[in-house]
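Asks: Based on what follows, work out the 3D shape:
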Amino acid sequence: MTDARLPTARELAGYFLAAQHPTTRRWVDDAVRLELLTESCALSPRRPRWSTPRMPSRPTTT
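Replies: Have a look, this model is predicted:
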């Protein structure tokens, strides 16, 4: 983004929807998928709930 404002959850969901693979887009109606993505983005704008969990950091040896 070039401006200083962050996208809304709905706008972000629209970006995610546009990036969906065509095969998976057929599984759920776009309107329903957009609502689900919007909800996910609103819950966690930094890391949507469907993303891969973060790997735990390795223990340091001293």
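
Asks: in the helix ranked longest in the chain, what counts as buried?
Replies: Longest helix in the chain, counting residues (DSSP state H): helix 30-43. Within helix 30-43, the residues scored as buried using 16 or more other Cβ atoms under 10 Å are Arg33, Leu34, Leu36, Leu37, Thr38, Ser40, Cys41. All C-beta spots, glycine's among them, are computed from the backbone N, C-alpha and C.

Asks: Please apply the same query to stretch 21-32.
Replies: In stretch 21-32, counting by 16+ other Cβ under 10 Å, buried: nothing.

Asks: For it, measure first residue to last.
Replies: 16 Å (Cα to Cα, to the nearest Å).

Asks: Show me the contact partners of that stretch.
Replies: Leu17, Arg33, Leu36 (Cβ atoms under 8 Å, 6 or more residues apart in numbering).

Asks: any chance of those residues in JSON lines, with pLDDT and distance to Trp27 too?
Replies: As requested, these are arranged in JSON lines below (pLDDT from 0 to 100; distance: Cβ to Cβ, whole Å):
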{"residue": "Leu17", "pLDDT": "93", "distance to Trp27": "13"}
{"residue": "Arg33", "pLDDT": "93", "distance to Trp27": "8"}
{"residue": "Leu36", "pLDDT": "91", "distance to Trp27": "11"}
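
Asks: Turn the residues you listed into TSV, including distance to Arg26.
Replies: Below are those laid out as TSV (distance: Cβ to Cβ, whole Å):
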residue	distance to Arg26
Leu17	13
Arg33	10
Leu36	15
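
Asks: so the helix or strand hosting Leu17 versus helix 30-43, what angle?
Replies: For Leu17, the element it lies in under DSSP states H and E is helix 9-18. Relative orientation of helix 9-18 with respect to helix 30-43: 130 degrees, computed using axes from the mean of the first three to the mean of the last three Cα atoms, to 10 degrees.

Asks: Quick one: list the elements packing against helix 9-18.
Replies: With contacts defined as 3 or more Cβ pairs under 8 Å, 6 or more residues apart in numbering; DSSP states H and E, the packing partners of helix 9-18 are helix 30-43.
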